[in-house]
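**Student:** With the input below, show me the fold.
(4 chains, ligands or ions: 6)
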Amino acid sequence: MVRLVDLRVELAGLELRNPVVVASGPLGVSLGLMKRAEEAGAAAITLKTATLRPREGHPNPVVYELPYGLLNSMGLPNPGAEEMGRLISEAKAVMRVPLIASVAAQSPREAEEVAERLRGADALELNASCPHVRGLGAELMDDPQLVADIVSALRSFGRPVFVKLSAHGDWIGVASRALGAGASGLVAINTLKAMAIDVRAKCPVLGGVYGGLSGPAIHPVAVRVVYELHREFPDVPIIGVGGVETWVEAAELILAGATAVGVATALRRGFHVIGEIVEGLRAYVAGEGLASIRELVGAAHR
Amino acid sequence: MVRLVDLRVELAGLELRNPVVVASGPLGVSLGLMKRAEEAGAAAITLKTATLRPREGHPNPVVYELPYGLLNSMGLPNPGAEEMGRLISEAKAVMRVPLIASVAAQSPREAEEVAERLRGADALELNASCPHVRGLGAELMDDPQLVADIVSALRSFGRPVFVKLSAHGDWIGVASRALGAGASGLVAINTLKAMAIDVRAKCPVLGGVYGGLSGPAIHPVAVRVVYELHREFPDVPIIGVGGVETWVEAAELILAGATAVGVATALRRGFHVIGEIVEGLRAYVAGEGLASIRELVGAAHR
Amino acid sequence: MYVGSEVLRAEPVGPDVVRYVLKLERRLGSSPGQFVMVWVPRVGEVALSVAREEGREIHLLVARKGRVTGFMHDNVREGWRLYVRGPLGRGFAVAKGTALLVGGGVGVAPLIHLCAALKGAGARVVAAIGLRSADYRALAEDLASCADEAHVATEDGSLGIRGTAVDVAEALLSERHFDFVYVCGKEAMMRQVIELAMARGVRVEASLERLVKCGIGVCGACVLEPLGLRVCADGPAFDGDTLTRAGDFGRWWHDAAGRRVPLQP
Amino acid sequence: MYVGSEVLRAEPVGPDVVRYVLKLERRLGSSPGQFVMVWVPRVGEVALSVAREEGREIHLLVARKGRVTGFMHDNVREGWRLYVRGPLGRGFAVAKGTALLVGGGVGVAPLIHLCAALKGAGARVVAAIGLRSADYRALAEDLASCADEAHVATEDGSLGIRGTAVDVAEALLSERHFDFVYVCGKEAMMRQVIELAMARGVRVEASLERLVKCGIGVCGACVLEPLGLRVCADGPAFDGDTLTRAGDFGRWWHDAAGRRVPLQP
Ligand SMILES: Cc1cc2nc3c(=O)[nH]c(=O)nc-3n(C[C@H](O)[C@H](O)[C@H](O)COP(=O)(O)OP(=O)(O)OC[C@H]3O[C@@H](n4cnc5c(N)ncnc54)[C@H](O)[C@@H]3O)c2cc1C
Ligand SMILES: Cc1cc2nc3c(=O)[nH]c(=O)nc-3n(C[C@H](O)[C@H](O)[C@H](O)COP(=O)(O)OP(=O)(O)OC[C@H]3O[C@@H](n4cnc5c(N)ncnc54)[C@H](O)[C@@H]3O)c2cc1C
Ligand SMILES: Cc1cc2nc3c(=O)[nH]c(=O)nc-3n(C[C@H](O)[C@H](O)[C@H](O)COP(=O)(O)O)c2cc1C
Ligand SMILES: Cc1cc2nc3c(=O)[nH]c(=O)nc-3n(C[C@H](O)[C@H](O)[C@H](O)COP(=O)(O)O)c2cc1C
Ligand code: FES
Ligand code: FES
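**Tutor:** Ligands and ions are numbered 1, 2, ... in the order given. As a prediction, this is how the structure comes out:
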């Protein structure tokens, strides 16, 4: 007997039907894929990170599969903020779940220009953590003041602003400054900086040389980052991301302090994983004799 | 037909019969285990990290097994530098391979006191990277000047000094300062900061709450760190550590720029893994038609 | 996680098409219509259909297109090492009965693999092959010799009838009954064949190409809108019904930056 | 990677020993002599021998020793959830013929599991059980009822003969032939039994306890010098020959910091 349980959560003003969100990346710039994710049960969709101008990304190979995760070196390919904005308008017309637009920029000015074009989205996420693109993404982690300034700029659009953190660098410090500048929530973690070398070819495999490690391998790292962020900032909503393959990893991140969880690499097994995670969480909450999943957020700290 | 190949490498003055070294930790403080590792083929032994005074470490559970790695939160248990020094003297009398003593300290003064007692070892390794002990280990990564000062202090014992880096923090910066202060080589990487929560018990599993992730999960991160270190410091010997389970991962680290590789987590499968890695490397070098494994060090950069 | 391979043979089968026969370190285990990503170290990686698999050997038919395929044609000879990941994607449904296989140029590649499987399953196979000219004769050979019956058309009439694979297919579909049609070639051509088959109530599958980056369904590069079909993971083989609902089919393409651009003819 | 379990029963089998019967979420699959690490969330984790395994149920015999076992005795009742990892270590060699099982106090735990396996393998089992007093009667029951023949000794003579398990074992070994001796208890006791058996050329195995931290052989906490034997991974069951060469056996112990300290008697 599965009891009636309430999976809804509120995330910096966004009303989510359950805590499972698609993380930035796997859906590329496809409305069709967004719809498939929504139909599979996702409670919100994060768009592919957009830059001001179009980017082709790194040459192939862009991924390297490992038994316990995935290395990717996409290099933030995207059609630029202008086209991403058009996609968002189209998507808003047909999607019922909130859309979170992901922004990459090197200055507050640039971030504003990007966000201006993405204003149709329900929330903005600053990608301060992409490990395989020079100048964009993770380099921001070294400059907390810049992150704060970009957050201030993004705030002006009247949408919740999330900051996506890397597990490298001083994420507590960056989070603290970003929150001080008005960020509404945090997303953690992005992929870990990594690479692969083929021992026969004797050279790096990825076209971009460096890549980001995702999937099960990084899950224990994500749990730790989310746990510490929640301990430092107990009132701040967090989207926990990293190695969520089943409801178990999702539950771990929620217990650590995440209000919602993001899924990326697991989608290589198909969109059905989203529904499986949602239903698994439902059974878990019921099995624990609770009425709402909200009671579990941060419960591992108690 | 396996051709005769030369597996010997030279590591900051240490002559190694092959590139496979036991990393700090798995052998605890046991001369018997060191001998077993030597008999299994290890070319050098790193001792458990020693602190000035004895430490009991964290309460159980101290490990959490994952399909793709291991979380440990030992908490640097060790009998203190005095007893470790006695062990080293005993060991030097019966072991033929070099012994590397690992030092944890919070100040140059303390490091000197520790190293003074460990001076029987063939080399010293500064543990600047243990992720689960407050004040000792990874916190050093935030203070490159302190690392440099400790390295200077350790240099006075006339032994090669290695610095063991974390993949968190500014390891390039720390390495650069350490080398400036006279470090002879680098060891990378230590475990990644991580943790596990049990979803039924709804609390952290490890007695020390936080732990370090090792094994296959961290291997691509180790490859990247070693690759970048070798690019920055092409003449500096590196012991590459992280997820070496077979000769393949060992070869990857060597191609990335490591002169030797360290093995820890793989030993849970038994000491025979050391011999398997050594023999696998021998066959690999032969299969590539090379005379010496030294030709492969850093070859992925070419 | 690449499987290493050695190039056993690299033989031109047309002015700008080379057949590569690779010996892999271990069996691939592909089904017809699946593809592999072939990595040329320090150069790049491209998607290629498995044209044949026997033991540890696979055949690839590679048309010169751009950077990587150009490098392969110019440099990759017998004895080279190539690195393969796969098999990837979802291949054709192998049906019983009588099948019509319609291939345009290098599009015959997955059909060769399919033909062998169909024959193995006891089907009767008729092939309709369109080539630019008789210079591509060798490209058609494998499929022609596998099929029970093969019809070749060339644009200039230098071999077989003058015309396209569509012309041949249309004639065959008009005069006989087929249980299944499989097609691979340019999208405009595939569109026409799908229409011909569906108009006659014959089940049809087509194998598509799009810009493939990850090859495993996690990046969205290869998507067909508005259905959100990933060629690399939901395909490359799709049934005709699905493709008629995929507006992009035959019309739009996503470039490397994900911009929607008109499909080159 | 713990297996969750529910405590089905927690029954005292002596003044400071409790038998816990756990129902696991899935089968453990232990062989006799193997152990598990039992995690009591927010309290700690201890090594315990599997005293019996039937389907998804396992038995543990837990002596009050310190922090964790004390907490268990005081709090862990029917309905509690405990978390188990294992089976760990290398257990006893299950031999045929006639076996003598010598258990001191809670040391009977692995012998109960072993007895069932020996009986299953067609062996004849004689048990020699040493207890402090008749108050521990229940602790001996499982082994006594499994064995073909059981002899009990108590230190105060309140049950069976007055004396120790060693006294019983010595008498039995002097009067009959055994193919194998298995012993578990205090190390001083085990040393004596091993000597008795080896003097008569009888194969003998003993199950050891040491301070176990990781339980999987990667930390060195449980080591016996000078052989570098890890109780958790190379043992806990060792043969007599190995143990006579392990100088620490019966003499030295490593404390939590890894200091070598005399073994408490
Ligand atoms: C599932 C699948 C199976 C395929 N099977 C085969 C096969 O068996 N034989 C074969 O020769 N080719 C096949 N292809 C196409 C092949 O992957 C491309 O021709 C190749 O990637 C081009 O790489 P390049 O570096 O040589 O060209 P590039 O330097 O990348 O230049 C190619 C140019 O052509 C355009 N283009 C047109 N179609 C494609 C395409 N499908 N992929 C990439 N670029 C394209 C690009 O936009 C670009 O401008 C297949 C593709 C897919 C997706
Ligand atoms: C392979 C194996 C199988 C075991 N099987 C059983 C069993 O079936 N039943 C049972 O009751 N016990 C068993 N033990 C012993 C049990 O693990 C310890 O008694 C327990 O860990 C003590 O934990 P504690 O927190 O209660 O005591 P603590 O608070 O840790 O205090 C225990 C004190 O006793 C000392 N001590 C003496 N022997 C041990 C030991 N072996 N482990 C830890 N501390 C020790 C410690 O140094 C410490 O001072 C087994 C041990 C091993 C290694
Ligand atoms: C193919 C791929 C593309 C990604 N692209 C982006 C991106 O554009 N922006 C971003 O912030 N994160 C991106 N990520 C990171 C994911 O959003 C996520 O943080 C990371 O993969 C960890 O989650 P996972 O283990 O569930 O994959 C990408 C990940 C993958 C695998
Ligand atoms: C149980 C255990 C104990 C360890 N103890 C130490 C230590 O005392 N000092 C240290 O520098 N590293 C220690 N390490 C880290 C290893 O030396 C090594 O850097 C890390 O585990 C990555 O290598 P691996 O993937 O081969 O395990 C320990 C690792 C493990 C698993
Ligand atoms: S190429 Fe990445 S989803 Fe198809
Ligand atoms: S307890 Fe760690 S090696 Fe045995």
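
**Student:** use CA for all of it now, contacts and neighbours both
**Tutor:** Fine.

**Student:** Helices of chain C, start to end?
**Tutor:** Using DSSP state H, the helices of chain C run over C:67-75, C:108-120, C:137-146, C:165-175, C:187-199, C:240-245.

**Student:** what's the angle between the third one and helix C:108-120?
**Tutor:** In this structure, helix C:137-146 runs at an angle of 10 degrees to helix C:108-120, with axes from the mean of the first three to the mean of the last three CA atoms, to 10 degrees as the basis.

**Student:** just checking, what packs against helix C:137-146?
**Tutor:** In terms of contacts (3 or more CA pairs under 8 Å, 6 or more residues apart in numbering or on different chains; DSSP states H and E), helix C:137-146 is packed against strand C:3-14, helix C:108-120, strand C:124-131, strand C:149-154.

**Student:** Can I get it in PDB? Just the C-alpha atoms.
**Tutor:** What follows is helix C:137-146, C-alpha atoms only, in PDB (Å, rounded to 0.1, in the frame of the first residue of the first chain):
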ATOM      1  CA  ARG C 137      30.100   0.000 -59.300                       C
ATOM      2  CA  ALA C 138      32.200  -1.600 -56.500                       C
ATOM      3  CA  LEU C 139      30.100   0.300 -53.900                       C
ATOM      4  CA  ALA C 140      27.000  -1.600 -55.000                       C
ATOM      5  CA  GLU C 141      28.700  -5.100 -55.200                       C
ATOM      6  CA  ASP C 142      28.300  -6.300 -51.600                       C
ATOM      7  CA  LEU C 143      24.600  -5.500 -51.400                       C
ATOM      8  CA  ALA C 144      23.900  -6.700 -54.900                       C
ATOM      9  CA  SER C 145      25.600 -10.100 -54.200                       C
ATOM     10  CA  CYS C 146      23.800 -10.600 -50.900                       C
END
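
**Student:** Give me the buried positions along that helix.
**Tutor:** By 16 or more other CA atoms under 10 Å in any protein chain shown, the buried positions in helix C:137-146 come out as C:137, C:138, C:139, C:140, C:141, C:142, C:143, C:144, C:146.

**Student:** The fourth one now?
**Tutor:** By neighbour count, and taking 16+ other CA under 10 Å as the criterion, the buried residues in helix C:165-175 are C:165, C:166, C:167, C:168, C:169, C:170, C:172, C:173.

**Student:** Closest one of those to ligand 1?
**Tutor:** residue C:165 (17.5 Å; CA to the nearest ligand atom).

**Student:** distance between the ends of stretch C:85-93?
**Tutor:** Its first and final residues considered, stretch C:85-93 spans 22 Å by CA to CA, to the nearest Å.

**Student:** And for stretch A:69-79?
**Tutor:** Termini of stretch A:69-79 sit 27 Å apart (CA to CA).

**Student:** So it, near ligand 3 or not?
**Tutor:** Yes: using CA under 6 Å from any ligand atom, stretch A:69-79 comes into contact with ligand 3 via A:72, A:76.

**Student:** of the helices of chain C, which approaches residue A:124 most closely?
**Tutor:** Across the helices of chain C, residue A:124 has its closest neighbour in helix C:240-245 (32.6 Å, CA to CA).

**Student:** Would you map the helices across chain A?
**Tutor:** A:31-40, A:81-94, A:108-117, A:144-155, A:171-180, A:219-232, A:247-256, A:272-287.

**Student:** most neighbours per residue, which of the helices and strands packed on helix C:137-146?
**Tutor:** strand C:124-131 (a mean of 28; mean count of other CA atoms under 10 Å in any protein chain shown).

**Student:** Could I get the CA-only coordinates of it as CSV?
**Tutor:** Extracted in CSV, the C-alpha atoms of strand C:124-131 (Å, rounded to 0.1, in the frame of the first residue of the first chain):
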residue,chain,number,x,y,z
ARG,C,124,13.6,-12.6,-49.6
VAL,C,125,15.5,-9.5,-50.4
VAL,C,126,15.3,-7.2,-53.4
ALA,C,127,17.8,-4.3,-53.6
ALA,C,128,17.3,-1.0,-55.4
ILE,C,129,20.6,0.8,-55.6
GLY,C,130,21.2,4.3,-56.8
LEU,C,131,24.6,5.5,-57.8
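
**Student:** now it: mean pLDDT?
**Tutor:** In this model, strand C:124-131 has an average pLDDT of 97.

**Student:** what packs against that strand?
**Tutor:** strand C:98-104, helix C:108-120, helix C:137-146, strand C:149-154, helix C:165-175.

**Student:** can I get those in JSON lines with mean pLDDT and distance to ligand 2?
**Tutor:** Formatted as JSON lines, the helices and strands packed on strand C:124-131 follow (pLDDT from 0 to 100; distance: least, CA to the nearest ligand atom, whole Å):
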{"stretch": "strand C:98-104", "mean pLDDT": "97", "distance to ligand 2": "66"}
{"stretch": "helix C:108-120", "mean pLDDT": "97", "distance to ligand 2": "57"}
{"stretch": "helix C:137-146", "mean pLDDT": "95", "distance to ligand 2": "65"}
{"stretch": "strand C:149-154", "mean pLDDT": "96", "distance to ligand 2": "72"}
{"stretch": "helix C:165-175", "mean pLDDT": "95", "distance to ligand 2": "74"}
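
**Student:** Relative to residue B:101, which of the ones you listed is closest?
**Tutor:** helix C:108-120 (59.8 Å).
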